[in-house]
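J.: got a sequence here, can you build the structure:
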Amino acid sequence: DYGSEPYSPTGVYQGTAVSATILVADGQSVDAGWVGDDIFNSGVDIFGALDDLEAALLADDTTAISDAVTNFTDAGEQISVARTEIGYAWATALDAASLAANLEVTMTEQYNNLVGADPVEAYTNLANLQFTYEAALQVASSAIGTSLFGYLR
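T.: Below is the predicted model:
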C-alpha cells in the first residue's frame, strides 16, 4: 500500500510486497516502485545495523563498534546497487516517454500530410512510418532488456 508508512516505528516493514510497473512498449515494462524490504533488509538489515551500532556505542564496546562499521560498508554497497537499478529504470521510462512524444508529433504531421493526398502515395508513406515506428519500438525494447550489469560483463 503506497498510502501508508512503509516501516513501523520499531523498524518492521509494513509496506507492499509488490513492485509497481509502467508499460513503456508493447510487452515491455519498467519498475516504478520498489519494495523497501528488498532494499533495506536483503543482505544487510540496515535498521538492525543502526540499532547494533547504537547499542555498541552506549556499551563502549570497540569490537561491536568495529563489526557495526563493517555492516555499514556492506549496507552502502546494497543501497548503491538499488540506486543504480532505480536510476536505470527511471532513465528507461524517460526515454520511452520522449520516444512516444516524438512519435506522436511525427504521426500527427504524417496524418496532416496524408489528408487529401494521393491514395497510393499515402499508403506508401504510411507503410514507411509504420516501419519506422516498429524499428523505434525494437530499439526501446532492446534497451529495456539490458541492465547496467549486462554492460559490465
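
J.: mind showing which ranges of this protein have poor pLDDT?
T.: Within the chain, the stretches with pLDDT under 70 are 1-2, 114, 116-117, 141-153.

J.: give me that answer again for 50
T.: 148-153 (pLDDT under 50).

J.: what about the residue sitting nearest the centre point of it, which helix or strand?
T.: Taking CA atoms, centre = their mean, the centroid of the chain lies closest to A89, which sits 2.6 Å from it. With secondary structure defined by DSSP states H and E, A89 is part of helix 62-114.

J.: tell me what the following helix or strand past that helix is packed against?
T.: The C-terminal neighbour of helix 62-114 among helices and strands, as given by DSSP H and E, is helix 119-145. Counting contacts by 3 or more CB pairs under 8 Å, 6 or more residues apart in numbering; DSSP states H and E, helix 119-145 packs against strand 21-25, strand 28-31, helix 62-114. To be clear about C-beta, it is placed using only N, CA and C from the backbone, and glycine gets the same treatment.

J.: tilt between helix 119-145 and strand 21-25?
T.: 140 degrees (axes from the mean of the first three to the mean of the last three CA atoms, to 10 degrees).

J.: quick check: angle from helix 119-145 to helix 62-114?
T.: Using the same axes, to 10 degrees: helix 119-145 against helix 62-114 is 180 degrees.

J.: touching, L57 and S66? I think so.
T.: No: shown here, L57 and S66 do not form a contact pair, counting by CB atoms under 8 Å, at 11.7 Å.

J.: and the residue nearest to the centre of the chain, how close does it get to D95?
T.: Computed as CB to CB, to the nearest Å, the A89 to D95 distance reads 11 Å.
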